[in-house]
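Chemist: Got a predicted model here, sequence first, then my questions.
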Amino acid sequence: METLRCKTCGCESLRPMQVVFEEEDQFDNPLGEEQESRFYSCQVCGDNWLSVKEKTADGECTITFVHQMETAPVLKRVAHMSNAVVISDESVDEWEYFKGDKPVDEAEWEALLSDRRDTLKATCVN
């Protein structure tokens with residue numbers, strides 16, 4: 001199984017898992033839209049997030065990253081782009097940031113994510 005380095009604790013213990021929704025298996029989409037979902041979970045500190053990539057027939061692509069904070073709210077970051085791979089921030093046409101369903105600016109979103117990661121890191125080193 002593939003293992004990646006966790007951005008929170010720095011351990012090589014982050015495991016990606018393919019997520020398949022029932023609807024994806026049951027129907028072929030006649031509009032040519034594709035969806036791919038992966039869940040990432042760190043086996044050391046417990047950091048986790050879901051990424052959902054949606055590609056339309058015209059080639060537009062969005063990738064939504066969802067980080068759960070305790071039971072609520074969730075932090076979401078949505079990448080809008082013309083290609084299907086985030087190589088760097090420059091390959092993304094536009095980022096949108098959310099706390100729950102409320103749009104927030106990038107700085108607030110980054111601060112919330114940093115606080116979340118600090119809490120998880122403190123928990124795993126104690």
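Modeler: Yes, it's here. Because the structure is a prediction, the values reported are computed rather than measured.

Chemist: Off-centre distance for the longest helix along the chain?
Modeler: Ordering each helix of the chain by length in residues (DSSP state H) puts helix 106-125 first. Taking C-alpha atoms, centre = their mean, to the nearest Å, one finds the center of helix 106-125 at 15 Å from the center of the full chain.

Chemist: Would you map the helices across this structure?
Modeler: 22-26, 106-125.

Chemist: coming back round to it: can you give me the buried ones in the longest helix of the chain?
Modeler: By 16 or more other C-beta atoms under 10 Å, the buried positions in helix 106-125 come out as 109, 112-113, 116-117, 120-121, 124. C-beta: built from backbone N, CA, C; applies to glycine.

Chemist: so where is the protein shaky, pLDDT-wise?
Modeler: Within the chain, the ranges that satisfy pLDDT under 70 run 1, 21-32, 84-87, 126.
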